[in-house]
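**Student:** this one's structure only:
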Ligand SMILES: [Zn+2]
Ligand SMILES: [Zn+2]
C-alpha cells in the first residue's frame, strides 16, 4: 500500500459499525477536521444474548469529536441504518439528512424516545452542503422505497456510498436505481466507492419486485378466506404490489401490528403507498362480514415471540384469527438465527388449518440487495480509484474484494477494512492509521440502561450451567451450624436426581462446616467462600458442570 503521508488533501474513513457484521451500519467520513456520519444503525441481538433487546454502535469516537461533527446522512429507512439515530444524536445533536420516507420512519422512532431532531429532507438531484462535504443524493432500488446512494464531494475527491441497493432495471422510475447518474459520476471521476456486500456470494442479478406479482395473483385468486401477508414493515414497494393485486381482486386491505400500522401510515401520508382509502379496513373491523376475504399485512415474518403473526399462530391475537380457508404468505427470508422460530411459526399456522406459502415453496420474496451482477454493474459505471466493501460479515467483504479484483481492479486499490480500522485516502495513495475503538453497546427494552458484558456472561453461564443456592444457618456467637444446610438447585440435573444430589451436597457441607478451623467460624465472608468452594468441587465431580453458586449464610 503506497504512503499518503505527503498528500495534503485526504479524507479519513472510520467505520464504527457494519464492516464485518450485518447491522450497526455507521461510518464516519472526515475531511479538513470535520466529520460526517453516514447511517446510524442498530442490530437485533442473537439468541445467545439473553435479555438483550437491541444493540447499537459505540459512539465514543463521535463523543470525543462532537464539535467537529457536521451532520448525519441516512441512506434509507431500515433499522440497521437508522435504529441507533437517537443514540448518535444524544452524543452530538446535529442536523440529520435523508429522503422523506427515511425521515418519516426516523421521526416515529425519535418521537417514541422523546428525542427531537433537526430533520432535513433530501431529494435526488438536489445536492446539499454539509460542512466541507457536498452531498449528492442518487436514487437506488432497495426493499424500502426512497433509498439513496450518495456521491459526496470532498476536497480530496468524490466518495460514493452505495447504501443498500440493487439495480432492478425494470422497476418503475420512482423505484429504479438511477444508473445514468452512477455513470455520470464515473465520468467525472470517483476517488473511493463504498459498496454493499450483502449478496456478493450470489451470482447473477437480483430479480425485481415485479417478479413476485404472478405468485401473489395466484395466491389471492385461489384463497377463499383471508390472505395474511407478512413482510418487513418497511417493504413499501412489495406492499404496493400486493395491494394492487388485492384491489384487482376486489379484496379489502388491513394492517395489523404496531410497526406495520406506523410505517404504512407514514408512507400513505407521503403518497408513497397508494391505496384507495375505501379499500382499507381498520384492524378492529376484521371480525366483520366484509373482512372475510381481506388481504391483511401482518408484522412478524421473523417469528419474533410477541409479534402479531406469532400471536395469530397460537390463536391469541386480539383482532385477527386464521384458520381453514385462509392463506398465510411469509414474504421474507428468515434472518440468520431466526430459522427455528420461523419454522415453529409455520408449523403452528398449519396446525390452525390454514395454508402457508413461503419463499421455499413459491416466488413470494426477492432480496433488496444486489448480487454479483449488480455489484459488477455498479463498479463498471462508477469506475472508482479505490473500493472498500461495506455492509456484511467478513466473509462477504473478503469475497467482494475477490470479485472486484477478478473484474480487473488492481488488488492494491481494493481495501478490506473492518470496524475500527482507519483509512486515509487521497489521490496519491492510501494509508492505514492506528485503529480506533469501535465496539457495541447492549441495551434492554426502553434503551435506557446499558448492560455490562459481565451480566450477559452471567446469564449465559446460568442458562448453560444452572444455579445452586446453598442456605446455611449458623449461630452468631459460636459460628456452629444450627441445622443441616439446605440446597436449592435449578437447571443442573433433572428433579429426581436433583433431590438426591442436594441431600448429598448438604451432608458434605455439614461435614465441611464442622471441620472448619476456628478462625473461619466467626467470619461470614470466609464461610461463604468455603461453601462456594466445597460445592464448586462437588458439582464438578458429580455432574461435570459449573453452576453459578450463590451461598446464603444466615446468622441467628
Ligand atoms: Zn442494511
Ligand atoms: Zn436496507
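**Tutor:** Perfect, thanks for sending it. In this text, all values refer to a predicted model and were calculated from it rather than measured experimentally. Ligands and ions are numbered 1, 2, ... in the order given.

**Student:** CA atoms for contacts and neighbours, from now on please.
**Tutor:** Noted.

**Student:** shaky segments in the protein?
**Tutor:** Applying pLDDT under 70 to the chain flags the ranges 1-8, 46-51, 445-454, 456.

**Student:** Please name the residues that touch residue 30.
**Tutor:** When contacts are counted by C-alpha atoms under 8 Å, 6 or more residues apart in numbering, residue 30 is found next to 11-14, 36.

**Student:** Please apply the same query to residue 241.
**Tutor:** Here residue 241 is in contact with 210, 213 (C-alpha under 8 Å, 6+ apart).

**Student:** and if you look at residue 381?
**Tutor:** 179, 182-183, 186.

**Student:** can you redo those as TSV with distance to residue 276 and neighbour count?
**Tutor:** Below are the contacts of residue 381 laid out as TSV (distance: C-alpha to C-alpha, whole Å; neighbours: other C-alpha atoms under 10 Å):
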residue	distance to residue 276	neighbour count
179	32	18
182	35	26
183	38	18
186	42	21
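
**Student:** Among the residues you listed, which one lies nearest to residue 285?
**Tutor:** Set against residue 285, the nearest of those by C-alpha to C-alpha is residue 179 (44.2 Å).

**Student:** before we move on, back to that, can you tell me which of the contacts of residue 381 are in helices?
**Tutor:** Among these, the ones falling in helices (DSSP state H) are 179, 182-183, 186.

**Student:** Out of these, which is nearest to residue 531?
**Tutor:** residue 182 (69.3 Å).

**Student:** Specify the beta-bridge partners of the closest residue to residue 356 other than its chain neighbours.
**Tutor:** In this structure, residue 356 finds its nearest non-sequential neighbour in residue 328, 4.8 Å apart by C-alpha to C-alpha, 6 or more residues apart in numbering. Per DSSP bridges, the residues bridged to residue 328 are residue 228, residue 356.

**Student:** What residues does residue 328 make contact with?
**Tutor:** Residues counted as contacts of residue 328 (C-alpha under 8 Å, 6+ apart) are 227-230, 349, 354-357.

**Student:** now do 10 Å
**Tutor:** 219, 223, 226-230, 295-298, 309, 313, 322, 346, 349-350, 354-358 (C-alpha atoms under 10 Å, 6 or more residues apart in numbering).

**Student:** Mind checking which of those land in strands?
**Tutor:** 227-230, 295-298, 355-357 (DSSP state E).

**Student:** Go through the residues you listed and name the one nearest residue 387.
**Tutor:** Lowest distance from residue 387 to these (C-alpha to C-alpha) belongs to residue 230, with 36.3 Å.

**Student:** what about that closest one, how many neighbours?
**Tutor:** Residues near residue 230, counting by other C-alpha atoms under 10 Å, number 24.

**Student:** next one: residue 289
**Tutor:** There are 9 residues near residue 289, going by other C-alpha under 10 Å.

**Student:** Can you give me the distance of it to residue 297?
**Tutor:** 18 Å (C-alpha to C-alpha, to the nearest Å).

**Student:** Ok, residue 503 next?
**Tutor:** Distance from residue 503 to residue 297, by C-alpha to C-alpha: 56 Å.

**Student:** Of those two, which one has the most company?
**Tutor:** More crowded of residue 503 and residue 297, by other C-alpha under 10 Å: residue 297, with 27 against 17.

**Student:** for that one, what are its contacts?
**Tutor:** Contacts of residue 297 by C-alpha under 10 Å, 6+ apart are 227-233, 239, 242-243, 253-257, 260-261, 264, 309, 328-329.

**Student:** now with 8 Å?
**Tutor:** 228-231, 253-256, 260.

**Student:** How about residue 295?
**Tutor:** Here residue 295 is in contact with 220, 226-229, 243, 246, 251-254 (C-alpha under 8 Å, 6+ apart).

**Student:** most surrounded residue in the residues you listed?
**Tutor:** Top of the contacts of residue 295 by neighbour count (other C-alpha under 10 Å): residue 227, with 30 neighbours.

**Student:** just checking, that residue touches residue 326?
**Tutor:** Yes: proximity of residue 227 to residue 326 meets the contact threshold set by C-alpha atoms under 8 Å, at 5.9 Å.

**Student:** Now list whatever residues contact both of those two.
**Tutor:** Joint contacts of residue 227 and residue 326 (C-alpha under 8 Å, 6+ apart) do not exist.

**Student:** Nearest to residue 549 among the ones in helices among the contacts of residue 381?
**Tutor:** Out of these, the member with the shortest distance to residue 549 (by C-alpha to C-alpha) is residue 182, at 61.2 Å.

**Student:** need the contact list for the closest one.
**Tutor:** 138, 378, 381-382.

**Student:** re earlier: make a markdown table out of the contacts of residue 297 and add distance to residue 134.
**Tutor:** Below are the contacts of residue 297 laid out as a markdown table (distance: C-alpha to C-alpha, whole Å):
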| residue | distance to residue 134 |
| --- | --- |
| 228 | 44 |
| 229 | 41 |
| 230 | 39 |
| 231 | 36 |
| 253 | 43 |
| 254 | 42 |
| 255 | 40 |
| 256 | 41 |
| 260 | 35 |
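
**Student:** Would you map the helices across the stretch 251-400 of the chain?
**Tutor:** 258-269, 308-313, 339-351, 372-382, 394-406 (DSSP state H, counting those that start in this stretch).

**Student:** from those, which stretch is densest packed?
**Tutor:** Scoring the helices of the stretch 251-400 of the chain by mean neighbour count under mean count of other C-alpha atoms under 10 Å gives helix 308-313 as the most buried, with a mean of 25.

**Student:** what's in contact with that one?
**Tutor:** Contacts for helix 308-313 (C-alpha under 8 Å, 6+ apart): 230, 256-257, 298-301, 303-305, 317, 320-322, 345, 348-349, 352.
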